[in-house]
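> Model the following, please.
(one chain, ligands or ions: 1)
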Amino acid sequence: MLRVRAEPYEFSCEPGHVALVIIDMQRDFVDPGGFGEALGNDVSLLRRAIAPTARVLAAARRTGMLVIHTREGHRPDLTDLPATKKARGRLRTGIGDAGPMGRILVRGEYGHDIIDELGPAPGEPVVDKPGKGAFHATDLDSILHSRAIRQLIVCGVTTEVCVNTTVREANDRGYDCLVLADCVASYFPEFQRVALEMIKAQGGIFGWVGASGDLMEVLGQLPEAAPLPAG
Ligand code: C5J
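Residues are numbered from 1 along each chain as shown. Below is the predicted model:
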């Protein structure tokens, strides 16, 4: 059993039954010149999560932990884009329109893909999600079940939107989630703080909040996983 310092109390997880889930670290949200910045957001606030997440990713891979990446986006024909989501915000340039990095939040477009720093390795599942939660209209639950995963370590953006929604969905499905505070980020500092508070409040009503350094310390004590066979 691994024990990681966290709030509201220690997070325990079993190697082999815990997965790292990295939510929506996509160019359109995180990179300068993307959709997020075009909406007037300061992407430097999100970019703070990149370096600690990259370290956690490397440590997880070293131990052979299942790593899952998610991307928020839609089919090129937009048949999975609810009219309400398209209309929300009354944006002049919104989802499906030509944006600074290709069609905004459309699968296959440059801006929809994961930033280079955290790109998936061969064999790591990438879950394309049309909603904010990673369980809605995806096969994430099946993937986790097939690998006997019971606990999730969660990184990504944004803390109050897709991270929080995913953690709540996971909680309702019986997964324990540890959210790494320095590996999640929001365009709004107040939302970052409150979104993390909400997760760990009331004895961990949705899960646990920890720090990447404490997780890395624990992962560092695990043996290196045998490399996967070629092919
Ligand atoms: C948002 C996300 N904020 N990944 N998406 O629209 O949090």
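
> Relative to Val67, how far out is Pro122?
From Pro122 over to Val67 the distance is 11 Å, taken as Cβ to Cβ, to the nearest Å. In short, each C-beta sits where N, CA and C put it, glycine included.

> the more surrounded of the two?
Taking neighbours as other Cβ atoms under 10 Å, Pro122 and Val67 compare with Val67 leading, 20 against 5.

> Work out the gap between whichever helix or strand that one is part of and the centre of the chain.
Following DSSP states H and E, one finds Val67 within strand 66-72. Relative to its parent chain, strand 66-72 has a centroid offset of 6 Å by Cα atoms, centre = their mean, to the nearest Å.

> before we move on, what about stretch 126-137?
Stretch 126-137 has its C-alpha centroid displaced from the chain centroid by 10 Å (Cα atoms, centre = their mean).

> near the ligand, which residues of this protein show up?
Within the chain, the positions near the ligand by Cβ under 6 Å from any ligand atom are 24, 29, 72, 157-158, 161-162.

> And the strands in this protein?
With strands called from DSSP state E, the chain shows them at 2-4, 6-7, 11-13, 18-23, 66-72, 98-99, 102-103, 126-129, 151-157, 176-185, 208-210.

> Distance of Ile149 relative to the ligand?
Between Ile149 and the ligand the computed distance is 21 Å (Cβ to the nearest ligand atom, to the nearest Å).

> Next: Gly99.
As for Gly99, its distance to the ligand is 14 Å (criterion: Cβ to the nearest ligand atom).

> and that residue, how many neighbours?
Neighbours of Gly99 (other Cβ under 10 Å): 22.

> can you put the strands of the chain in CSV and add mean pLDDT and distance to Ser142?
Output for the strands of the chain, formatted as CSV (pLDDT from 0 to 100; distance: least, Cβ to Cβ, whole Å):
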stretch, mean pLDDT, distance to Ser142
strand 2-4, 96, 25
strand 6-7, 98, 28
strand 11-13, 96, 21
strand 18-23, 98, 13
strand 66-72, 98, 12
strand 98-99, 94, 32
strand 102-103, 98, 28
strand 126-129, 98, 10
strand 151-157, 98, 15
strand 176-185, 98, 18
strand 208-210, 98, 24
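
> Could you point out which residue ranges in the protein have low pLDDT?
In the predicted model of the chain, residues 227-231 satisfy pLDDT under 70.

> Return the subset of the residues of the chain next to the ligand lying in helices.
Here DSSP state H is the test, and the residues of the chain next to the ligand give Phe29 as lying in helices.

> Isn't Arg103 up against Gly94?
No - using Cβ atoms under 8 Å, Arg103 makes no contact with Gly94, being 10.5 Å away.

> Of the two, which one has the most company?
Higher neighbour count among Arg103 and Gly94: Arg103, with 21 against 18, using other Cβ under 10 Å.
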